[in-house]
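1. Next one to model:
(2 chains)
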Amino acid sequence: MPTVTAFHVTNDPVAKEFEELFAEHYPLVYRTAYSVTGSTADAEDVVQTLFLRLFRRGLPSGFRENPKAYLYRAAVNVSLNSIRSRRHHVFVADQEQLDTPVETDVPNPESPIQGRLVEAIAQLNPRAVEMLILRYEHHYSEAEIGKLLGASRGVVAVTLFRARARLKKLLRASSGERS
Amino acid sequence: MKKDENNIEEVLERSLPSASTERMESARERIFNYVQSDAAVDRNAGTDADFKPARGFGWQRLTAVAAVAALLIVAIWIGLGSQAGGVDARLGTADGSLSRVSEGKAIPVRGGERIEAQEIVRSGSEGSAVALADGSRAEMREGAELSLEHAEDGVRIHLRRGDLLVHAAKQIAGHLYVQTRDLKVSVVGTVFLVRADDNGSRVAVIEGEVHVQQGTVEKSLRPGEQLASNPKSENLKFFEETGWSREAFAYLSKLHESMAQSLAARQSSGRTTSVSGKPKFEEASIRLCEQDIQAPEGARGGGSDSMRISPGRVDAVCMTLPTLIRTAHRSLNNNPWFEASLKMNSTYGLGTEDGTRVRGGPDWVRSEKYTIAAVADSTDAAALQGPMLLDLLERRFKLKLRVETEETPVYTLTIAKGGLKIKPVELGPEWHARIRAIAGSPEAPRQAPLDPRDLEELLKLYALVGCSQLPEADQDDKAARSRFQEAVRRGELPPVCGAGVYSLGPNTVLSVGGGKLNSLVGSLSREAKRSLIDTLDGRLVVDKTGLPDTDCFTAIPPAGTPCAPVFNIRLEFAADESYFTRILPPGATLSDLGLDMRLPKAPNVFDALEKLGLHLEKSKAPREFIVIEHIERPSDN
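-> Purely as a prediction, here's the structure:
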């Protein structure tokens, strides 16, 4: 059905503020969601969910003090929720021709590092993910991360160090562990 | 910084998913439009319920039409002006298939054109949607005709013919009306379906409550209920009747959610009580499926012959009775159904039962398909799929089953006369003891999470199994990964950990990496219906090797249980020639399969197994079947 609904110029002040918020923060939210989920469809769902909630519920108290931090944290959390509750369409009948080894009871060690990295990141503490994505996707310095998220530089450094160490373990484990 | 730390930093720098600006920007307008239109509905409705197209369905469809829609965005509006209570009936819509009907002619609506009140618009061949500025939205099925009009306290959609799915925003002061020739529907915020045709009108409610007036008689309808102006007309079948909507799955989900809430409300009020300790579905809708339903784009489940188990719910879409019985029935001796346990919150395409497991019954059980939506106060996936579904079938279809045993032709896999030539991996009792100490056991389950040292040790222990894994250092090196895959495929490295099947030129390779022999038996049974259908005649392959079969990897058994020996097996054999012609898409050639058919043909499966010290021969084995003794078409909902 070739239908797209488009709302046009409005005098509704809430809608106007929403439009401005969307325009300003969409790249941050989208990029963050994509980095955490590794999927275009999931990233779009995250952006959609986050802004829908914001528009439906109205702006939470304190939002205007630091909308960027609020939206960024929300993007990380919604993305983590999304990846942790991923629903898979599963096909169990009518076997298909397969020209690569199929995964059964163990993770496939041939899977690209990116997929394993996404899975590993999903197991980190959300606070650590917030800092990690700011550092490696948005290229913030530790000081800038601290400023945005309200943490000391030391805390940022230690959190990032621990997150990297944990990621390393998780990546190793995912290439060798049995499920 | 240590070297390892540098490595993980490199991995993050190089491999963290990073959205391209082009991709991000291409989605921006689409997301904004969708969010804004949907948000308006729910903001006005004062609800936080997510009501968006099912994942992998709505967005893909929107994406598919985006290129067209971008050219078709129009700003049509109906000049009703401002209404009382802030209801503005201006339409903001972009739609390529909406026409105005004037003097019997349909004239496509163009960008910027104004449509006057009471002017009739008709949806084109692919349907259409209109959105009111109050957030209400009406999806029009192909050929539906409507006009918008003033009402005393709101807006009236005059449905002249066709189907309309209305998602009415909560009205602040007033009502949204839908008027057909013989029914008047008034709502303050809900979702419902209206049909108007020559035989009369019908209203069916998906969510909320609507008031329907026919002449002087007025009635309220709740989710799952419907009313027709002509009592002789057939009930609408929700799933089929909303199947044309791009949000069909969301509507169905919403309907079930509403029904479940209604059930919960009744249970809490004490009006519904359990009559026995046996878990049962409390409410179920069983409808004949009039036509097959396509799976959502990009998904294999979700269309006909699929099932979804979710907490408190089972949804089966257009399935035959034998398939439903197969899905619900217990395991059968020598009659395996792979992946018999459906996981919660996954949609499964289940194919159709072909007589392998379920026999008997009248012909209609294999030709008629049913859509079932059942709700219950249970979050046990196995119970919902098994005894509860079976109970429902028994009650509603007056179903009676029996299990019969029959000697059937099979192939048995035994150890060849010369003995097993493949050697199990020697792990020793200490290995199992150490795994139990770290990961816990049934007698002493581990409570604390694994710490990094535990993970390191588990990693080392599992590495002793000897199956192939791509070295961590090569994970992000495409060339190295490709070399690794090729070496595994050609047998130059041990099999990849896990069980696998792949084609190698004219041959099929079954691999078991760190697994039990029975994994190979399962793979052979599958190949008997795939690449060896001529050779093995579709027969089941039965394990008669006499080796222990308890997998001590995936689940740690009680102490003292003999563990299945662990093997790394690569079995390469010539596939049936018919296999390649069967899998070729129409018009394709063998080269399109990406297989190098110049590679030498491997021995046949019997000789290939003999090389491993295994023997495959024809035999017979008792096999259980489910027989339908009695069945009737279902009672009314």
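
2. Confirm that residue B:610 sits in a helix.
-> Yes - looking at residue B:610 with DSSP: H, G, I helix; E, B strand; the rest coil, it is inside a helix.

3. how close does it get to residue B:600?
-> 18 Å (C-beta to C-beta, to the nearest Å). C-beta coordinates here come from the backbone N, C-alpha and C atoms, glycine included.

4. and if you look at residue B:123?
-> Residue B:123 is 60 Å from residue B:600, by C-beta to C-beta.

5. Over to residue B:575?
-> Applying C-beta to C-beta, the value for residue B:575 to residue B:600 is 13 Å.

6. who has more neighbours, the two?
-> residue B:575 (28 against 8; other C-beta atoms under 10 Å in any protein chain shown).

7. can you give me phi and psi for that one?
-> phi -80, psi 150 (degrees, to the nearest 10).

8. Show me where the stretch 501-637 of chain B has its helices.
-> Taking DSSP state H, counting those that start in this stretch, the helices of the stretch 501-637 of chain B run over residues B:517-527, B:533-536, B:577-583, B:605-611.

9. what's the pLDDT at residue B:108?
-> pLDDT, residue B:108: 77.

10. ok, it touching residue B:99?
-> Yes - here residue B:108 reaches residue B:99: they are 5.2 Å apart, a contact under C-beta atoms under 8 Å.

11. if you count what's nearby, which of these two comes out ahead?
-> For residue B:108 versus residue B:99, neighbours defined as other C-beta under 10 Å are more numerous around residue B:99 (18 against 14).

12. Go over the secondary structure and confirm the more buried one is in a helix.
-> No - going by three-state DSSP, the assignment for residue B:99 is strand, not a helix.

13. what about it, distance to residue B:576?
-> Using C-beta to C-beta, residue B:99 is found at 55 Å from residue B:576.

14. ok so, going back, highest mean neighbour count out of the helices of the stretch 501-637 of chain B?
-> Counting by mean count of other C-beta atoms under 10 Å in any protein chain shown, helix B:517-527 has the highest mean neighbour count of the helices of the stretch 501-637 of chain B, with a mean of 22.

15. what about that one, near chain A?
-> Yes - Helix B:517-527 reaches chain A (C-beta under 8 Å from any C-beta of the partner chain) through B:519, B:526.

16. For chain A, which segments are assigned as strands?
-> Under the criterion DSSP state E, chain A contains strands at A:3-4, A:89-91.

17. And for the stretch 401-550 of chain B?
-> With DSSP state E, counting those that start in this stretch as the criterion, the stretch 401-550 of chain B has strands at B:498-504, B:507-515, B:540-543.

18. which stretch among those comes nearest chain A?
-> Among the strands of the stretch 401-550 of chain B, strand B:498-504 comes nearest to chain A, with 3.1 Å by C-beta to the nearest C-beta.

19. hmm, which helix or strand of chain B has the shakiest average pLDDT?
-> When the helices and strands of chain B are compared on mean pLDDT, DSSP states H and E, helix B:58-72 comes out lowest with a mean of 24.

20. List the residues that contact residue B:333.
-> Contact analysis of residue B:333 by C-beta atoms under 8 Å, 6 or more residues apart in numbering or on different chains lists B:405, B:622, B:623, B:624.

21. could you flag which of those are buried?
-> B:623, B:624 (16 or more other C-beta atoms under 10 Å in any protein chain shown).

22. Just the contacts of residue B:333: which are in strands?
-> Reading strands off those with DSSP E, I get B:405, B:622, B:623, B:624.

23. In contact with the second one: list those residues for me.
-> Applying C-beta under 8 Å, 6+ apart, one finds that residue B:622 lies in contact with B:333, B:334, B:405, B:406, B:407, B:408.

24. what does residue A:145 give?
-> The neighbours of residue A:145, taking C-beta under 8 Å, 6+ apart as the test, are A:131, A:134, A:135, A:151, A:156.

25. go on, residue B:176?
-> Contact analysis of residue B:176 by C-beta under 8 Å, 6+ apart lists B:132, B:134, B:136, B:154-157, B:166, B:168-169, B:186-188.

26. Just say helix, strand or coil for it.
-> Relying on three-state DSSP, one would call residue B:176 strand.

27. Hmm, residue B:136 and residue B:169 touching each other?
-> Yes - counting by C-beta under 8 Å, residue B:169 does reach residue B:136; the two are 4.6 Å apart.

28. In the stretch 501-637 of chain B, what residue lies closest to chain A?
-> Closest to chain A within the stretch 501-637 of chain B is residue B:583: 4.5 Å, counting by C-beta to the nearest C-beta.

29. OK, contacts around the nearest residue to residue A:137 once chain neighbours are set aside?
-> Nearest residue to residue A:137, sequence neighbours excluded (C-beta to C-beta, 6 or more residues apart in numbering or on different chains): residue A:35, at 4.3 Å. For residue A:35, the contacting residues are A:133, A:136, A:137, B:16, B:17, B:18, B:19, by C-beta under 8 Å, 6+ apart.

30. Cool, thanks, signing off.
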